[in-house]
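Asks: Structural data only, the sequence is not supplied:
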């Protein structure tokens, strides 16, 4: 092929195919540039960076909604189109656009809008540091969008690092606080170690298979495994896969790569904890599904080659057990370790670890069902997307309550919440709604989320897909739900039954106020999505079609 034709083809592909499906990332990148200009140009220094960030997030949300519904223009044409996004490789195969990409980008864009409103009310960041803070937030969100659409191992690594590096700075954003500086340093050290291990695993996979393009690698991995792998190739592939899993486990804060999570959450601002707990989880789960479904899909290999198809099944079996066993340990440790916590941010940190375990259970069920029941696998993916959508409201509401109570009480210790029901009954009710939903009790959104994940495990058992492991995960998930009941309700017990401290600082927290409106706006969807969940589940089913 002539160089002129090659360049012309690349330009045509970029302008006509890739960029129209890259609008969400472009909106985020343009917002970053505009906020950086606010720091450089004297004319723009007086502009409110939160409003600029909110406008950029609004455009990203608009484009994300259009992409999910297959709409070329505006979301208000929803009634005229309901197309499922077709799979399309972008930028020469580095990225891929499909229903999972569209759904996760919609969640991230919606989260950005809510997050900016929350941080504007909570007071972190202040006006001087607002541009820097939101630039880091949008930079991390850009990396997370790329994680959801990565189709190449080098893009996987770059996306994970783009999401991680701004997070290190965010953890230490509180100037003059030793705990925040320590949190940022710990996060960066753990992240650097995880990144190095992940990069070495990528080099092993690429060296054995001869490619970094995930669909191409899937066929080669299945062939090598199916043929037995001469010269220890299978062992190298397994080792490389486990090393890549280290990077994903770090982003998910899954055991045994969770050590950074409680310390970072305690030292960083509650606002930063909310960002790490929600956005990172959504992006990491999407990347986990992307890698597992691409490398374990029989459709990626020639159906006529029996050894290759058998190899794909062995790859799936290996991934299901790695994900499933890690899920069981993560869920159990997260719930047990939360018992002894006296700081609310550390308790929520272990809560996020436990919920990472529940999410990985759903991922294990989805991968296990791939070769047995394609429709069941799609339902499992839909359950995960539904879980992420409800988790957004539950966890962001929890961290918002912690941040706004910190402003009133000057403390984030659970003991400082004693007797709040006497002076601020509204915030206690909102806290009860959020914590009971995190437990997974009806009639709140958390119950539906866990029910759908557990239903996926039950469906895998019924279909005979890795039945022993799925049965263990179902039992572990149920037992851990009961365990979590105690430490969540302990917080409510302190709020309602314990006498208030005599030296309590701060005023009452009325819901009829701007901070109260933020808490209400985040807590009300937790109730509504528990009662009227079918619409959100129907939207989540669109994401499940990527597994077809």
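Replies: Received it, and whenever you're ready, just let me know what you need. Owing to the predicted nature of the structure, the values given are computational and were not obtained by experimental measurement. Numbers count the residues shown, from 1 in each chain.
Asks: Check whether residue 65 sits in a helix, strand or coil.
Replies: Three-state call for residue 65 (DSSP: H, G, I helix; E, B strand; the rest coil): helix.
Asks: what's around it, how many residues?
Replies: 19 (other C-beta atoms under 10 Å). Backbone N, C-alpha and C define where each C-beta goes, glycine included.
Asks: before we move on, what about residue 169?
Replies: With other C-beta under 10 Å as criterion, residue 169 counts 18.
Asks: Pretty sure it sits against residue 137.
Replies: No. Counting by C-beta atoms under 8 Å, residue 169 sits too far from residue 137 to count as a contact (10.3 Å).
Asks: Show me the strands in the chain, by range?
Replies: Ranges of strands in the chain, per DSSP state E, are 88-90, 95-97.
Asks: and the first one, what's its mean pLDDT?
Replies: Confidence over strand 88-90 (mean pLDDT, whole number) is 88.
Asks: So for it, what gets flagged as buried?
Replies: Neighbour counts over strand 88-90 (16 or more other C-beta atoms under 10 Å) mark 89, 90 as buried.
Asks: so where's the stretch 401-548 of the chain uncertain?
Replies: Applying pLDDT under 70 to the stretch 401-548 of the chain flags residues 504-507, 547-548.
Asks: packing partners for the helix or strand bottoming out on mean pLDDT in the chain?
Replies: Of all the helices and strands that make up the chain, the one with the lowest confidence by mean pLDDT, DSSP states H and E is helix 3-13; it has a mean of 75. Applying 3 or more C-beta pairs under 8 Å, 6 or more residues apart in numbering; DSSP states H and E, we find helix 3-13 packed against no helix or strand.
Asks: how far out from the middle of the chain is it?
Replies: Averaging C-alpha positions (C-alpha atoms, centre = their mean, to the nearest Å) puts helix 3-13 36 Å from its chain's average.
Asks: Any buried residues in that helix, and which?
Replies: In helix 3-13, counting by 16+ other C-beta under 10 Å, buried: nothing.
Asks: Stretch 340-360 too?
Replies: 341, 343-360.
Asks: Distance of the residue nearest to residue 179 when sequence neighbours are not counted relative to residue 483?
Replies: Setting aside the residues directly before and after it, residue 179 is nearest to residue 267 in space (C-beta to C-beta, 6 or more residues apart in numbering), at 4.0 Å. Distance of residue 267 to residue 483, computed by C-beta to C-beta, to the nearest Å: 26 Å.
Asks: before we move on, the earlier item: tabulate the strands of the chain in CSV, adding columns for distance to residue 532.
Replies: Listed next are the strands of the chain as CSV, based on distance: least, C-beta to C-beta, whole Å:
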stretch, distance to residue 532
strand 88-90, 33
strand 95-97, 30
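Asks: for the stretch 151-300 of the chain, what spans make up the helices?
Replies: Secondary structure of the stretch 151-300 of the chain (DSSP state H, counting those that start in this stretch): helices located at 153-171, 178-209, 214-226, 233-252, 260-267, 270-295.
Asks: Make a markdown table from those and add distance to residue 384 to it.
Replies: Output for the helices of the stretch 151-300 of the chain, formatted as a markdown table (distance: least, C-beta to C-beta, whole Å):
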| stretch | distance to residue 384 |
| --- | --- |
| helix 153-171 | 19 |
| helix 178-209 | 22 |
| helix 214-226 | 19 |
| helix 233-252 | 12 |
| helix 260-267 | 20 |
| helix 270-295 | 6 |
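Asks: just so I know, which of those helices lies nearest residue 372?
Replies: helix 270-295 (14.1 Å; C-beta to C-beta).
Asks: Please tell me how far the spatially most central residue of the chain sits from residue 55.
Replies: By C-alpha atoms, centre = their mean, the chain has its centre lying nearest to residue 282, at 1.6 Å. Distance from residue 282 to residue 55, counting by C-beta to C-beta: 22 Å.
Asks: neighbours around the residue nearest to residue 179, how many?
Replies: Neighbours of residue 267 (other C-beta under 10 Å): 25.
Asks: ditto for residue 17
Replies: 15.
Asks: Dump the helices of the stretch 151-300 of the chain to a markdown table, plus mean pLDDT and distance to residue 432.
Replies: Shown next, in a markdown table, are these (pLDDT from 0 to 100; distance: least, C-beta to C-beta, whole Å):
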| stretch | mean pLDDT | distance to residue 432 |
| --- | --- | --- |
| helix 153-171 | 94 | 29 |
| helix 178-209 | 92 | 29 |
| helix 214-226 | 88 | 44 |
| helix 233-252 | 92 | 28 |
| helix 260-267 | 93 | 22 |
| helix 270-295 | 93 | 19 |
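Asks: Quick one: closest of those to residue 117.
Replies: helix 270-295 (11.6 Å).
Asks: what about the closest one, distance to the chain center?
Replies: 3 Å.
Asks: what do you get for stretch 56-67?
Replies: 18 Å.
Asks: shift numbering so it begins at 5
Replies: I'll keep to 5 as the first residue from here, and by that count the last item is stretch 60-71.
Asks: hey, where'd the helices end up in the stretch 355-504 of the chain?
Replies: Assigned by DSSP H, counting those that start in this stretch, the helices in the stretch 355-504 of the chain fall at 378-413, 424-427, 429-443, 449-467, 471-500.
Asks: hmm, back to that, was I right to think the residue nearest to residue 183 contacts residue 189?
Replies: No. Here residue 271 does not reach residue 189: they are 9.3 Å apart, not a contact under C-beta under 8 Å.
Asks: Can you tell me which of the helices of the stretch 355-504 of the chain is most buried?
Replies: helix 378-413 (a mean of 24; mean count of other C-beta atoms under 10 Å).
Asks: Helix 429-443 and that one, what's the angle between them?
Replies: Put simply, helix 378-413 runs at 150 degrees to helix 429-443, going by axes from the mean of the first three to the mean of the last three C-alpha atoms, to 10 degrees.
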